[in-house]
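**Student:** quick one, fold the following:
(one chain, ligands or ions: 1)
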Amino acid sequence: MPSFFSSKYQHLEAYTPGEQPRDKAYIKLNTNESPYPPAEGVLKAISTEAVNDLRLYSDPTCLATRKAIADRYGVEPENVFVSNGSDESLAFLFMGFTEPGAVFADITYGFYKVFGDLYGVDYKEIPLNDDFTLPLDAFCRAKGTAFIANPNAPTGLALTTAEIEKLLHSDPDRLVVVDEAYVDFGGETVVPLVKKYPNLAVVQTFSKSRSLAGARLGFTIASAEIIAGMDKLKYSTNPYNVNRLTLLAGKAAIEDEAYFEKTRNAIMEARAYTKAELEKRNFTVTDSKTNFLFAKTDKMDGGELYKMLKDKGILVRHFTAPKICQYNRITIGTMTEMQTFIAKIDECLGEREGTDHA
Ligand code: PMP
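**Tutor:** Numbering: from 1, shown residues only. From the prediction side, this is the model:
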């Protein structure tokens, strides 16, 4: 029997999401979710009436949510595209805005490569410097749409606005996509530059700093022309791409600035605590501006530490790529979770030392 699956996709290497095991209760520090529930208004927005309205399609223009996002970021609704998670925004940008090819870092969000392959994009991966900083000049010289996670994942390092501006300036005819999934944890957003640079598209998500990963909501802020192009792709794929409850949840979340400030500050405080504790134990920890840390110890192999922590009920993310296989990416949870994490790190180090002396 022939394979019904198109041969062009047979060798596609799909994205591997972080594990969501159900075998026991873990402290989940592996997928960069928020440890805090969504803002109070979200629960209120999901009313009986809203549930009854699920019989109706959602608003394909996502207007109320787009307006709320536009107000929050000081742009017009025509500059906002609302998507099913920011992954969908990125998918459309790879699908429709990469005719001259694409460039992204060799160590960055793994989905860029998957989208590049899926949409047959001629892409190039630019190696990060040894200290994981981004070689800005190489990006300035390279041709093709630049995709930059800022701050980067999984390294946590951020470029400044001036650095992004240098890239935008280096070739006004080249599109730069800045993926700001983690920007609310200490990075600098370049949304204000959208008015000045028509070659800039900024992608953000509600999954991290707005505690709505499970609702699947993201957005792009860019020129009206870019947004119109994304809309065309959406209306050619899935016009009702964001469901009714998510649209309501997102609007309520973005309107609660106080809760946003409170939770992101709590996460940044727990990050500072965790970083300091790891450094006391001689870990190398990057200067993360995100809701995760990227850390390694020379006392133990990265994969081994990941496994030991998992056995102790702590889930972190380990990547096998040679350049980063000694590191683990640790999502920042509540302060209590991070204290437990540090206690478990001590147990792992103690047990390792025990075997060394044995
Ligand atoms: N960009 C980066 C850099 C990410 O790490 C993630 C989350 N894994 C995303 C985008 C996508 O997030 P979401 O689709 O949940 O908005």
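**Student:** quick one: the helices in the stretch 101-250 of the chain, in order.
**Tutor:** Shown for the stretch 101-250 of the chain, the helices assigned by DSSP state H, counting those that start in this stretch span residues 111-118, 136-141, 161-170, 224-235, 244-255.
**Student:** please identify the most buried of the ones you listed.
**Tutor:** helix 244-255 (a mean of 22; mean count of other C-beta atoms under 10 Å). C-beta coordinates here come from the backbone N, C-alpha and C atoms, glycine included.
**Student:** how far off centre is that helix?
**Tutor:** On the basis of C-alpha atoms, centre = their mean, to the nearest Å, helix 244-255 sits 19 Å off its chain's mean C-alpha point.
**Student:** which residues does it contact?
**Tutor:** 38-39, 41-42, 44-46, 50-51, 53-54, 56, 58-59, 62, 64-65, 68-69, 72, 82, 84, 206, 210-212, 215-217, 242, 260 (C-beta atoms under 8 Å, 6 or more residues apart in numbering).
**Student:** for the ligand, what is the nearest residue in the stretch 1-150 of the chain?
**Tutor:** residue 85 (2.8 Å; C-beta to the nearest ligand atom).
**Student:** burial measure for the closest residue to that residue other than its chain neighbours, as a count.
**Tutor:** Of all residues not flanking residue 85 in the chain, residue 216 sits nearest, at 4.3 Å (C-beta to C-beta, 6 or more residues apart in numbering). By the measure other C-beta atoms under 10 Å, the count of residues near residue 216 is 20.
**Student:** residue contacts, residue 216?
**Tutor:** Residue 216 touches 84, 85, 207, 242, 246, counting by C-beta under 8 Å, 6+ apart.
**Student:** out of these, which one sits closest to residue 130?
**Tutor:** Of all those, residue 130 sits closest to residue 207, with 30.4 Å by C-beta to C-beta.
**Student:** pretty sure that closest one contacts residue 83?
**Tutor:** No. Applying C-beta atoms under 8 Å as the test, residue 207 and residue 83 come out as separate, 11.5 Å apart.
**Student:** now the helices for the stretch 251-358 of the chain?
**Tutor:** 257-280, 302-311, 335-357.
**Student:** for the record, mean pLDDT for the second one?
**Tutor:** By that I understand helix 302-311. Taken as a whole, helix 302-311 has an average pLDDT of 97.
**Student:** quick one: list the elements packing against it.
**Tutor:** strand 317-318, strand 328-331, helix 335-357 (3 or more C-beta pairs under 8 Å, 6 or more residues apart in numbering; DSSP states H and E).
**Student:** just put the helices of the stretch 251-358 of the chain in a markdown table and tack on distance to the ligand and mean neighbour count.
**Tutor:** Listed next are the helices of the stretch 251-358 of the chain as a markdown table, based on distance: least, C-beta to the nearest ligand atom, whole Å; neighbours: other C-beta atoms under 10 Å:
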| stretch | distance to the ligand | mean neighbour count |
| --- | --- | --- |
| helix 257-280 | 15 | 17 |
| helix 302-311 | 18 | 17 |
| helix 335-357 | 19 | 15 |
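**Student:** lowest average pLDDT across the ones you listed?
**Tutor:** Mean pLDDT is lowest for helix 335-357 among the helices of the stretch 251-358 of the chain, at a mean of 90.
**Student:** for the stretch 51-200 of the chain, what lies in contact range of the ligand?
**Tutor:** Contact residues, the stretch 51-200 of the chain versus the ligand (C-beta under 6 Å from any ligand atom): 85, 86, 87, 109, 149, 153, 179, 181.
**Student:** gap between the closest residue to the fifth one other than its chain neighbours and residue 243?
**Tutor:** What it means is residue 149. Closest residue to residue 149 apart from its sequence neighbours, by C-beta to C-beta, 6+ apart: residue 179 at 4.4 Å. Residue 179 sits 23 Å away from residue 243, going by C-beta to C-beta, to the nearest Å.
**Student:** out of the residues of the stretch 51-200 of the chain next to the ligand, which sit inside strands?
**Tutor:** Of those, the ones assigned to strands by DSSP state E are 149, 179.
**Student:** just the residues of the stretch 51-200 of the chain next to the ligand now: which is nearest residue 98?
**Tutor:** Nearest to residue 98 among these, with distances taken as C-beta to C-beta, is residue 179, at 14.4 Å.
**Student:** hang on, that closest one packs against residue 203?
**Tutor:** Yes. If you go by C-beta under 8 Å, residue 179 and residue 203 touch, sitting 4.8 Å apart.
**Student:** those two - which one has more neighbours?
**Tutor:** Just comparing residue 179 and residue 203: by other C-beta under 10 Å the higher neighbour count belongs to residue 179, 29 against 25.
**Student:** with adjacent residues omitted, what lies nearest to the residue most central in space within the chain?
**Tutor:** Centroid-nearest residue in the chain, with C-alpha atoms, centre = their mean: residue 181, separated by 3.9 Å. Nearest non-adjacent residue to residue 181, counting by C-beta to C-beta, 6+ apart: residue 205, 4.9 Å away.
**Student:** hang on, that neighbour packs against residue 217?
**Tutor:** Yes. Judged on C-beta under 8 Å, residue 205 makes contact with residue 217 at a distance of 7.3 Å.
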